[in-house]
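Q: from the sequence below, what's the structure:
(chains A and B)
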Amino acid sequence: MTSALAALYPGDPLFAKGADLWVWVILLVKLVVVFAILMVSVLFVIMYERKVVARLGNRWGPNRAGPNGWLQSLADGLKLFFKEALVPAQADKVVYRLAPVVAMVPVFVTFAIVPVGGTLTIGGYTTRLQLADPPWGILVMLMASSISVYGVLLAGWASGSKYPLIGSVRASAQMVSYEAALGLSVATVVLLTGSLHTSAIVAAQHGGFLYHWNILRGFGAPFAIFSIAITAEMTRPPFDLVEAEEELAGGFNMEYSSVAFALFYLAEYAALVTNSAIIATLFLGGPDGPRIAGHSVGPVWFTLKVLILLYVFVWARATLPRLRYDQLMDLGWKRLIPGALALLLVVAGARVSWRYGLAALAGSMIALLLLARAIEVGRAGSGKEQGGMPSELESP
Amino acid sequence: MSILDNRFVSFFKGFVVTGKQPLKPKVTTQYPEEKRPKPERFHGRHVLNRYEDGLEKCIGCELCAGVCPAHCIYVRGADNPPDSPVSPGERYGFVYEINFLRCIHCDLCVEACPTEAITESKLFEFSFTNRQDAIYTKAELLVDDEGKPRQLPWEDWRPGDDRNTSAWARATSPAGRADLEGTPLWSAELGYGLRPAQAGQSDEQAADVPADFDISVREVEAGEVAGVGVRATRPVRRPS
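A: This next block holds a predicted model:
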């Protein structure tokens, strides 16, 4: 068991001296702390979003419960927990109860691989501020985001109701569409770094504020593609067709109440925190930042970056109108996936030599132009009145 | 066509628009702490008025109860005792109850009343913890011996709430006749005397004055409204 752990985590200083009882205790404590941080951050983020989106709309937002209203989400949560847990008569009861858990668990799993920054030494045991650094690293995130689709899909299907079913069908189509772009942009980062380890990805960006960060590499394209795709994965606005109130009366979680509903909410906002942390890790150097007063303050920089990313997510929610379904599919299949694919080719070529890179760039450009022409021809054939993109709506 | 008209660029222009908003004043009124001035013709809690000699105006005709769309008024009339009449007429309102859990403050009772006995004040901040308290009887509705509305412990009366109750009745010309505009065709009241006529339809000065409770985002952005919410002393714009 001990050797297996050490083999699994070769670089982890915690297992350097073998896994005795205290190593397990430290692991357990880290587990609980990560869980608690994510739970508390959800309470914080819900309030953060509500307050920021209020300020972006000339309002104050909730400011009554607790100091400046910061306990509002706690009050809402408590209220939800005392509500009656209804199960619709038409529902598939087992799946209905299981779905919120399926939605929630992958998010917490994902946060385990996020390096929060630096190491901590307690009583001779040195441990990273990161729950797990498995060799398959960032793939855990892709795996978890794929599984969390099932939470939404099963919730909509098991509710035995029409609107949630439509919402979950939309959700699965949307998440599957953007999964590819997400994976391709992650692959680009992995190619740039040469490792799947999140700790290695962070270490490769270390040194030099902003200068070494992945956000500047590849002209920011991987960052842009990943951010758009992850927003769609989370079904955050402007990609929130899944829970379009105007059309679906709430979407996949319409039939849920009480704790189960709270779990969906928890999963949604925990995913927001986790994915902001993942973006910070992949593109913003994670805990990288200047030392303050001679101390390495990785977690502070990390938290700051996550807060800024959260602000941007809320900003996008306050600014952008919801996409139409065909616009959503167009953006995913005709723009992001070809773009991410071309980017991956160029980066892969450039890793070998600049000649290959240029060749891949030229080839990609030709392919993208051909694709654009093909889309244009296809659209002209199908008639302009249906499925118009905004470019067509513009008057010349 | 400048570069700013580009579709990709205008995408970020949207972010600039929303991004500027946190720097602007908020339009939210922090209600319990700040209260907006009420409109002149606000419909609030009812009062039962009295004549200047102290007699009640209500004659127990039950027209208000009949016209009430919410069936919230219960009236029973009784013959006036000859030696000590309650109202100047033959009969008076013996029982008068309004259930404020049902009342929709439509002011139809005020329109129906032939003697202006019932009018609506501007008070709306009153709440109760049981259904019994929601039923106001004559003891609560009838003005006191000074002619002022009774201010009950759970009511938040503010200055001016009792002034010009149901002011609409005095705003238009009686019977729709232009030559009667400004002519008081209503009776005087205990404590207030003959309430003045409001500026009517033909008064161009009065016609287009915006209600001073009605503020817009544009006014907030233009800095016409100071700080948070609304100043009570905000100047009313009058057309010049």
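
Q: C-alpha from now on. contacts and neighbour counts both.
A: Fine.

Q: contacts only, for the most centrally placed residue in chain A.
A: In chain A, the C-alpha nearest the mean C-alpha coordinate belongs to residue A:275, at 3.0 Å (Cα atoms, centre = their mean). When contacts are counted by Cα atoms under 8 Å, 6 or more residues apart in numbering or on different chains, residue A:275 touches residue A:230.

Q: which strand or helix spans it?
A: Per DSSP states H and E, residue A:275 falls inside helix A:258-283.

Q: ok, now residue A:150?
A: Using DSSP H and E, residue A:150 falls in helix A:139-158.

Q: give me the domain ranges for chain A.
A: Under the assignment automatic domain parsing, the domains of chain A span A:86-126+A:134-323, A:337-379.

Q: any chance of those in CSV, plus distance to residue B:141 and mean pLDDT?
A: Shown next, in CSV, are the domains of chain A (distance: least, Cα to Cα, whole Å; pLDDT from 0 to 100):
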stretch, distance to residue B:141, mean pLDDT
domain A:86-126+A:134-323, 44, 85
domain A:337-379, 72, 85
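
Q: of the ones you listed, which stretch is the most buried?
A: A comparison of the domains of chain A by mean neighbour count, using mean count of other Cα atoms under 10 Å in any protein chain shown, puts domain A:86-126+A:134-323 on top with a mean of 20.

Q: OK, contacts around residue B:156?
A: B:123, B:125-126.

Q: pLDDT value on it, please?
A: With respect to pLDDT, residue B:156 scores 86.

Q: cool, residue B:79 as well?
A: At residue B:79, pLDDT is 92.

Q: beta-bridge partners for it, please?
A: residue B:91 (DSSP bridges).

Q: do residue B:126 as well
A: residue B:155.

Q: just checking, what packs against the helix holding residue A:150?
A: helix A:93-111, helix A:162-193 (3 or more Cα pairs under 8 Å, 6 or more residues apart in numbering or on different chains; DSSP states H and E).

Q: any idea of the angle the first one forms with helix A:258-283?
A: For the pair helix A:93-111 and helix A:258-283, the angle between their directions (axes from the mean of the first three to the mean of the last three Cα atoms, to 10 degrees) equals 30 degrees.

Q: quick check: next helix or strand after helix A:93-111?
A: strand A:119-122.

Q: show me what the following helix or strand past that following strand is packed against.
A: Going down the chain from strand A:119-122, the next helix or strand is strand A:125-128, by DSSP H and E. For strand A:125-128, the elements it packs on are strand A:119-122, judged by 3+ Cα pairs under 8 Å, 6+ apart.

Q: spell out which parts of the stretch 251-396 of chain A neighbour chain B.
A: Counting by Cα under 8 Å from any Cα of the partner chain, the stretch 251-396 of chain A comes close to chain B at A:315-316, A:318-320, A:391.

Q: with adjacent residues omitted, what lies nearest to residue B:183?
A: Using Cα to Cα, 6 or more residues apart in numbering or on different chains and skipping residues adjacent in sequence, the residue nearest residue B:183 is residue B:197, 6.9 Å away.

Q: from chain A, how far out is the one you found?
A: 40 Å (Cα to the nearest Cα, to the nearest Å).

Q: cool, residue B:69 as well?
A: 33 Å.

Q: what is the neighbour count of that residue?
A: Residue B:69 has 15 neighbouring residues, counting by other Cα atoms under 10 Å in any protein chain shown.

Q: equivalent analysis for residue B:159, please.
A: 8.

Q: so where's chain B shaky on pLDDT?
A: B:1-5, B:164, B:166-176, B:182, B:198-240 (pLDDT under 70).

Q: report the longest helix in it, please.
A: helix B:7-20 (DSSP state H).

Q: also chain A?
A: Max-length helix for chain A by DSSP H is helix A:21-55.

Q: thought residue A:262 was touching residue A:80?
A: Yes. With contact defined as Cα atoms under 8 Å, residue A:262 reaches residue A:80; the gap is 6.6 Å.

Q: any chance you could map the helices in chain B?
A: With DSSP H as the criterion, chain B has helices spanning B:7-20, B:63-67, B:108-112, B:138-141, B:204-207, B:217-221.
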